[in-house]
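Trainee: Sequence below, structure please.
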Amino acid sequence: MSDTHLTELERLAALRRDGALTEEEFQREKARLLHDGLPPVRPAPETAPVRRRRGSFFGFLFSLFFIALILIAIWLFVKGRDIDTPAAPDSDTMSASISTSAPAATVTTLSPDQQLRKASEAAFKGQTTLRASENVTYTPKHLIAAPFGPVLISEGKVDNPGHASAGKIAVHYLKPEGDHFTVTKAFLPALESGSFGAVAGTQIRSEFASNPTLETDGGGTWQGYTCSWTTLTELTPDGPVARATVPMVYSNSGATDANPVTIEGKITKIVANASFDVTYGGTRSFVDHYVRKGETYVLDTGRASTMETC
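Mentor: Below is the predicted model of the structure:
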């Protein structure tokens, strides 16, 4: 066998290994080379493309596998995010959560005006005009946060009053209960002062005692003479206690043109539960010193004040 035949035979064997020739085609070529009698056989035209299609098929499978891995990785990442992120509650769940966690509104959380209205509703049940020997219409003025609980102060005005009719002060001790007040003690009236059926005014003082003190101003004018006085009432846990009534204003200027007298006083130098002064000025200037004796305040001189009265 010549070198040419060997070379050709090796080429055919290589083509068979590569899949370009079938076994039958290889044997025919081999026989032809050995016998030099058969016509040469060339690889079928479709043989080479078959190899390329096989390579393309494996590449396609690899691409699908790679894409599948990417999709799985994305799915695992998203699932992990869903586990870490709490689910948003639906509206019913959210409403239930709000209703159970939000504190219930109470009367003490309302605005001062709303609390005063609630206190008045508890004290008067919507009927602020009370009828006894006189018809009195009460107006709530102060809602006090006393150490023992809320206290409502109301000023009462007499309907169709006479000259000598005094104004009234109502005091109600209250207790907060949920969204409203209840009355624990009522003092109606707790005190009377003023003239023509009304008091001149009220205010709450904290300097006189550990409990709040109600300062009530009363007065009037009679035949040209004007007088006023102040009553100090301590609001104790057991009820209102009158501590002192002191003259504050005197004037006869409406009754005489000859040497009119006008004197006005002011409470000063307060020592809680012990003493206070009333400093007067005007036509005359002097000081009255009051000291605590038991339940009330009295002048330290043991005598009545030199202040003129009507």
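Trainee: hey, where'd the strands end up in the stretch 201-310 of the chain?
Mentor: 201-205, 213-222, 225-236, 239-251, 262-271, 275-282, 286-293, 296-299 (DSSP state E, counting those that start in this stretch).
Trainee: partner strands of the fifth one, parallel or antiparallel?
Mentor: Strand 262-271 sits in its sheet next to strand 239-251 (antiparallel), strand 275-282 (antiparallel), going by DSSP bridges.
Trainee: for the first one, same thing?
Mentor: Strand 201-205 has the following sheet partners, assigned by DSSP bridges: strand 213-222 (antiparallel).
Trainee: Hey, what's the angle from the strand it pairs with to strand 225-236? Just curious.
Mentor: Computed with axes from the mean of the first three to the mean of the last three CA atoms, to 10 degrees, the direction of strand 213-222 lies at 160 degrees from that of strand 225-236.
Trainee: Other residues contacting strand 213-222?
Mentor: 153, 163, 166-167, 169, 171, 191, 193-196, 199-207, 226-235, 240, 243, 248-249, 254, 310 (CB atoms under 8 Å, 6 or more residues apart in numbering). C-beta here means a position set from N, CA and C on the backbone, and glycine is covered the same way.
Trainee: rewinding a little: now render the strands of the stretch 201-310 of the chain as JSON lines, adding mean neighbour count, mean pLDDT and distance to Y138.
Mentor: Formatted as JSON lines, the strands of the stretch 201-310 of the chain follow (neighbours: other CB atoms under 10 Å; pLDDT from 0 to 100; distance: least, CB to CB, whole Å):
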{"stretch": "strand 201-205", "mean neighbour count": "16", "mean pLDDT": "97", "distance to Y138": "12"}
{"stretch": "strand 213-222", "mean neighbour count": "20", "mean pLDDT": "95", "distance to Y138": "14"}
{"stretch": "strand 225-236", "mean neighbour count": "21", "mean pLDDT": "97", "distance to Y138": "17"}
{"stretch": "strand 239-251", "mean neighbour count": "19", "mean pLDDT": "97", "distance to Y138": "15"}
{"stretch": "strand 262-271", "mean neighbour count": "15", "mean pLDDT": "97", "distance to Y138": "27"}
{"stretch": "strand 275-282", "mean neighbour count": "17", "mean pLDDT": "98", "distance to Y138": "29"}
{"stretch": "strand 286-293", "mean neighbour count": "15", "mean pLDDT": "97", "distance to Y138": "30"}
{"stretch": "strand 296-299", "mean neighbour count": "16", "mean pLDDT": "97", "distance to Y138": "27"}
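Trainee: how about those in JSON lines, adding distance to F77?
Mentor: JSON lines is the format used below for these (distance: least, CB to CB, whole Å):
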{"stretch": "strand 201-205", "distance to F77": "68"}
{"stretch": "strand 213-222", "distance to F77": "74"}
{"stretch": "strand 225-236", "distance to F77": "71"}
{"stretch": "strand 239-251", "distance to F77": "75"}
{"stretch": "strand 262-271", "distance to F77": "76"}
{"stretch": "strand 275-282", "distance to F77": "81"}
{"stretch": "strand 286-293", "distance to F77": "82"}
{"stretch": "strand 296-299", "distance to F77": "84"}
